[in-house]
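*Asks:* heads up, no residue letters with this:
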């Protein structure tokens with residue numbers, strides 16, 4: 001079951017609206033805009049969590065970020081190799 005919806009009026013530059021309409025396809029402009037707004041809200045929420053964590057634990061260093069990226073890349077590689085072996 002989908003969430004209840006409401007009708008809203010927004011103003012945006014015409015070129016952005018036209019591009020969004022074109023990309024919205026069969027789902028339409030409203031679905032495209034709703035999806036974009038939902039992604040922005042997720043990003044805003046993540047940024048708030050990062051600010052809270054950094055206030056409590058200090059900022060993460062570039063080295064820590066790179067180490068986490070390396071671990072993620074390694075996990076992805078292992079997952080892809082596992083999938084290739086299963087095929």
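*Replies:* Sure thing, it's come through. None of these values were measured; they are calculated from a predicted model. Numbering: from 1, shown residues only.

*Asks:* least trustworthy helix or strand in this structure by mean pLDDT?
*Replies:* helix 62-86 (a mean of 90; mean pLDDT, DSSP states H and E).

*Asks:* Can you give the distance from whichever helix in the chain runs longest to the centre of its chain?
*Replies:* Using DSSP state H to define each element, the chain has its longest helix at helix 28-57. Counting by Cα atoms, centre = their mean, to the nearest Å, helix 28-57 is centred 7 Å from the centre of its parent chain.

*Asks:* Ok, stretch 14-21 next?
*Replies:* With Cα atoms, centre = their mean, you get 20 Å for stretch 14-21.

*Asks:* Need the contact partners of it.
*Replies:* Under the contact criterion Cβ atoms under 8 Å, 6 or more residues apart in numbering, stretch 14-21 has outside partners 28, 29, 32, 33, 36. In this view, the C-beta of every residue, glycine as well, is placed from N, C-alpha and C.

*Asks:* ok, and for the longest helix of the chain, which residues are buried?
*Replies:* For helix 28-57, a neighbour-count test (16 or more other Cβ atoms under 10 Å) marks 32, 33 as buried.

*Asks:* Who are the packing partners of that helix?
*Replies:* helix 14-24 (3 or more Cβ pairs under 8 Å, 6 or more residues apart in numbering; DSSP states H and E).

*Asks:* Identify each buried residue in the helix it packs on, please.
*Replies:* Of the residues in helix 14-24, those buried (16+ other Cβ under 10 Å) are residue 20.

*Asks:* per-residue confidence at the residue nearest to the spatial centre of the chain?
*Replies:* Nearest residue to the geometric centre of the chain (Cα atoms, centre = their mean): residue 39, 5.0 Å. Confidence at residue 39, expressed as pLDDT, is 98.
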